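K.L.:
sequence first, predicted coordinates after that:
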Amino acid sequence: MNVYDSDKMAELLRASHGLEPTSHAEEADVIVLNTCSVREKAQEKVFSDLGRLAELKAGRPDLVIAVGGCVASQEGEAIVARAPCVDLVFGPQTLHRLPELLDARRDSGRPQVDVSFPEIEKFDALPPARVEGPTAFVSIMEGCSKYCTFCVVPYTRGEEFSRPAHAVLAEVADLALRGVKEVTLLGQNVNAYLDPDGPEGDLDFADLLQVVSDLPGIERVRYTTSHPLEFSQRLIDAHARLPKLAGQVHLPVQSGSDRVLAAMKRGYTALEYKSIVRRLREARPDISISSDFIVGFPGETEADFQATLDLIDAVRFDGSYGFVYSARPGTPAASLADDVTDDTKRERLQRLLAKTDLEAARVSATMVGTRQRVLVDGHARRDTSELRGRTDNNRVVNFKGGERLIGQFVDLTITDVAHYTLRGAL
């Protein structure tokens with residue numbers, strides 16, 4: 001979602017002020033920090049970066065420094081008070097107002113702050129997406145109404161709202177005409193999507209996947225991030241029915257302990273989560289499932305953490321992201337006693353990552369010798385004489401091939417596995 005928003009900011013400034021991206025801050029007329037407040041470390045990095053930028057601005061008073069995203073939404077005018085070098089502050093739902101905020105700053109000489117929640121207006125005001133390669137992100141809904149006790153997203157991005165289906169389909173169709181073959185549908189809880197222009201229940205996420213898959217030119221569809229509460233049987237059936245729907249699901253569980261899940265206000269039990277996974281694998285036996293885990297939530301005991309490890313053993317995730325809990329200001333969990341020591345959190349995280357990495361490596365090893373359909377999206381990062389693509393289950397594969405294959409689907413035999421990538425041969 002943040003990558004998508006950053007791209008939109010660059011497109012807006014290009015269209016409104018003719019600004020082009022530069023990789024060197026010293027050359028920039030405008031510097032935008034697009035921020036995340038999901039974890040404390042990311043939020044604090046914003047202010048350390050602003051300290052460095054303040055020195056740059058001291059020698060270049062005309063430099064405009066903007067802070068957007070969720071930290072901006074959360075802190076508002078306090079950012080300007082803490083970092084007077086900042087000229088613009090805008091939230092995720094007001095990024096489309098960036099050009100007019102820039103003009104207002106230059107006209108008035110005063111900092112501009114807009115962290116309101118105008119909802120759908122944002123999408124109506126954004127320029128057409130720039131196409132760079134055969135893949136693209138398409139935001140279909142934003143915000144969150146789940147109010148998990150640890151999460152700041154409902155307060156920084158607002159309540160859930162869905163884009164009209166006709167607008168989503170028009171954007172995807174336009175991307176397809178410009179050579180995009182794979183789209184990833186984005187949302188904080190993407191499977192909560194419901195077309196706001198139709199009668200209630202008229203077109204839900206499973207229906208949207210169907211109509212997007214039917215668009216000419218689109219050959220693969222992904223989505224992220226889903227929530228177990230809205231992982232309906234209709235969505236599970238879509239994985240069995242739609243060949244263009246990628247065989248990979250990112251389904252955050254956060255914990256394997258029912259006691260911790262209740263304290264997090266996740267709305268399901270470990271057994272209910274495992275039931276979703278079981279039905280997904282019945283619908284599509286080769287499906288790849290990854291997840292997110294929070295380690296050291298307030299009150300988490302060794303038994304609670306062991307329940308998480310047991311869940312990992314039972315589900316056998318294809319890939320996972322693990323994070324140490326950090327209290328976010330304004331969330332219900334922030335008022336709980338953070339009684340798990342930092343040393344215990346780090347030790348548990350290392351045990352969790354060791355287990356999930358081992359399982360991911362096992363899955364990669366089973367792919368050696370198999371034939372995989374790969375969308376070639378560019379050159380390999382380390383050896384640019386080779387090409388790079390992604391498998392249906394979202395594994396990166398490097399292989400030798402001609403430039404003409406970029407943007408195409410090819411069949412590869414997987415020949416070897418490295419730590420995070422595969423090797424293949426045409």
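P.N.:
Sure thing, it's come through.

K.L.:
what residues does the least confident helix or strand in the chain by mean pLDDT touch?
P.N.:
Sorting the helices and strands of the chain by mean pLDDT, DSSP states H and E puts helix 121-125 at the bottom, at a mean of 71. Outside of helix 121-125, the residues within contact range by CB atoms under 8 Å, 6 or more residues apart in numbering are 93-97, 139, 163, 167. Using the backbone N, CA and C atoms, a C-beta is placed for each residue, glycine as well.

K.L.:
what mean pLDDT does the very next helix or strand once past that helix get?
P.N.:
Next helix or strand after helix 121-125 toward the C-terminus (DSSP states H and E): strand 135-139. Strand 135-139 carries an average pLDDT of 94.

K.L.:
tell me the first helix or strand C-terminal of strand 135-139.
P.N.:
With secondary structure assigned by DSSP H and E, strand 135-139 is succeeded by strand 141-142.

K.L.:
what are the contacting residues of that next one?
P.N.:
Under the criterion CB under 8 Å, 6+ apart, residues 1, 92-93, 157-158, 160-163, 187-190, 192-193 lie in contact with strand 141-142.

K.L.:
burial count for residue 205?
P.N.:
Residue crowding around residue 205 was assessed by other CB atoms under 10 Å; the count is 27.

K.L.:
contact partners for it?
P.N.:
190-194, 223, 230, 232, 235.

K.L.:
and the next element down the chain from whichever helix in the chain runs longest?
P.N.:
Counting residues, the longest helix in the chain under DSSP state H turns out to be helix 342-367. The first helix or strand that comes after helix 342-367 along the chain, using DSSP H and E, is strand 371-379.

K.L.:
strands paired with whichever helix or strand comes after that next one, and their directions?
P.N.:
Per DSSP H and E, the first helix or strand lying C-terminal to strand 371-379 is strand 387-390. Paired strands of strand 387-390, with direction, are strand 371-379 (antiparallel), strand 396-399 (antiparallel) (DSSP bridges).

K.L.:
how about these, which one is nearest residue 48?
P.N.:
strand 396-399 (30.7 Å; CB to CB).

K.L.:
give me the contact list for that closest one.
P.N.:
372, 374, 380, 382-383, 386-391, 412, 414, 420-426.

K.L.:
ok, 6 Å please
P.N.:
374, 380, 386-390, 412, 421-424 (CB atoms under 6 Å, 6 or more residues apart in numbering).

K.L.:
and what of stretch 10-29?
P.N.:
Contacts of stretch 10-29 (CB under 6 Å, 6+ apart): 31, 98-99, 127, 130.

K.L.:
picking up where we left off before, elements contacting the longest helix of the chain?
P.N.:
On a contact count with 3 or more CB pairs under 6 Å, 6 or more residues apart in numbering; DSSP states H and E, helix 342-367 meets strand 288-295, strand 319-324, strand 409-417.

K.L.:
could you tell me the least trusted of the ones you listed?
P.N.:
Ranked by mean pLDDT, those end with strand 319-324 in last place, scoring a mean of 93.

K.L.:
where does the closest residue to residue 111 other than its chain neighbours land in three-state SS?
P.N.:
Distance criterion CB to CB, 6 or more residues apart in numbering; nearest residue to residue 111, sequence neighbours excluded, is residue 80 at 4.8 Å. At residue 80, secondary structure determined by DSSP: H, G, I helix; E, B strand; the rest coil is helix.

K.L.:
was I right about residue 80 contacting residue 86?
P.N.:
Yes. The pair residue 80 and residue 86 passes the contact test of CB atoms under 6 Å, sitting 5.2 Å apart.

K.L.:
between those two, which contacts overlap?
P.N.:
In contact with both residue 80 and residue 86: no residue, using CB under 6 Å, 6+ apart.

K.L.:
so for these two, which sits in the more crowded spot?
P.N.:
residue 86 (24 against 19).

K.L.:
phi and psi next, for the more buried one.
P.N.:
Per-residue torsions, residue 86: phi -80, psi 130 (degrees, to the nearest 10).

K.L.:
so how far is residue 227 from the nearest residue to residue 165 once chain neighbours are set aside?
P.N.:
Leaving aside its chain neighbours, residue 165 sits nearest to residue 195 (4.2 Å; criterion: CB to CB, 6+ apart). According to CB to CB, to the nearest Å, residue 195 and residue 227 sit 18 Å apart.

K.L.:
then residue 391?
P.N.:
With distances taken as CB to CB, residue 391 is found 25 Å from residue 227.

K.L.:
cool, and residue 167?
P.N.:
Taking CB to CB, one finds residue 167 at 23 Å from residue 227.

K.L.:
what about those two, which has more around it?
P.N.:
residue 227 (20 against 16).

K.L.:
what about the closest residue to residue 372 other than its chain neighbours, neighbour count?
P.N.:
Counting by CB to CB, 6+ apart, residue 391 is the residue found nearest to residue 372 once chain neighbours are left out, at 4.6 Å. Residues lying near residue 391 (other CB under 10 Å) number 22.

K.L.:
check what pLDDT residue 391 gets.
P.N.:
Residue 391 is given a pLDDT of 96.

K.L.:
okay but it is in contact with residue 370, surely?
P.N.:
No. With contacts counted by CB under 6 Å, residue 391 stays clear of residue 370, the gap being 9.3 Å.

K.L.:
residue 245 and residue 70, how far apart?
P.N.:
From residue 245 to residue 70 the distance is 29 Å (CB to CB).

K.L.:
so where's the protein uncertain?
P.N.:
Scanning the chain for pLDDT under 70 picks out 119-121, 129, 200-201.
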